[in-house]
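Enquirer: Quick one, structure for this:
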Amino acid sequence: MLTGDRVNRIHWVLGTDRLRAVCHCGAEREFDDPVQLWDWLLAHPEGHR
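Expert: Model prediction:
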């Protein structure tokens, strides 16, 4: 498994149509739309709380 300061992860939430994004800073958020997911991940640090 990759590790490091710039590794982002995307997990499918079992039994749903949702995706969970995990930023390299540790922030997590669930999305229905993969485009919004990538916008959130790539906008770091905006939107990360």
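Enquirer: Tell me what the residue most central in space within the chain is bridged to.
Expert: Using Cα atoms, centre = their mean, the residue of the chain that lies closest to the mean C-alpha position is Ala21, 1.8 Å off. In this structure, Ala21 bridges to Ile10, Arg29 when assessed by DSSP bridges.
Enquirer: can you pull the contacts of it?
Expert: The neighbourhood of Ala21, defined by Cβ atoms under 8 Å, 6 or more residues apart in numbering, consists of 8-10, 28-31, 37, 40-41. Heads up, the C-betas are built off the backbone N, CA and C, glycines and all.
Enquirer: in the protein, which segments are predicted with low confidence?
Expert: By pLDDT under 70, the weakly predicted segments of the chain are 1, 3-5, 47-49.
Enquirer: May I have stretch 40-49 exported as CSV, CA atoms only?
Expert: C-alpha atoms of stretch 40-49 as CSV (Å, rounded to 0.1, in the frame of the first residue of the first chain):
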residue,chain,number,x,y,z
TRP,A,40,-12.8,18.4,-3.2
LEU,A,41,-9.6,16.3,-3.1
LEU,A,42,-7.7,18.6,-5.5
ALA,A,43,-8.8,21.9,-3.9
HIS,A,44,-6.7,21.2,-0.8
PRO,A,45,-6.7,22.9,1.7
GLU,A,46,-10.0,24.7,0.7
GLY,A,47,-13.0,22.8,2.1
HIS,A,48,-11.0,20.7,4.4
ARG,A,49,-12.1,21.0,8.0
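Enquirer: now that stretch, how far from the chain's geometric center?
Expert: In terms of Cα atoms, centre = their mean, to the nearest Å, the centre of stretch 40-49 is set 9 Å apart from its chain centre.
Enquirer: And the residue of the chain most remote from its centre, its phi and psi?
Expert: The centre of the chain is farthest from one residue, Gly15, which by Cα atoms, centre = their mean lies 18.1 Å away. Comment: the main-chain dihedrals of Gly15 come out as phi 80, psi 10, following degrees, to the nearest 10.
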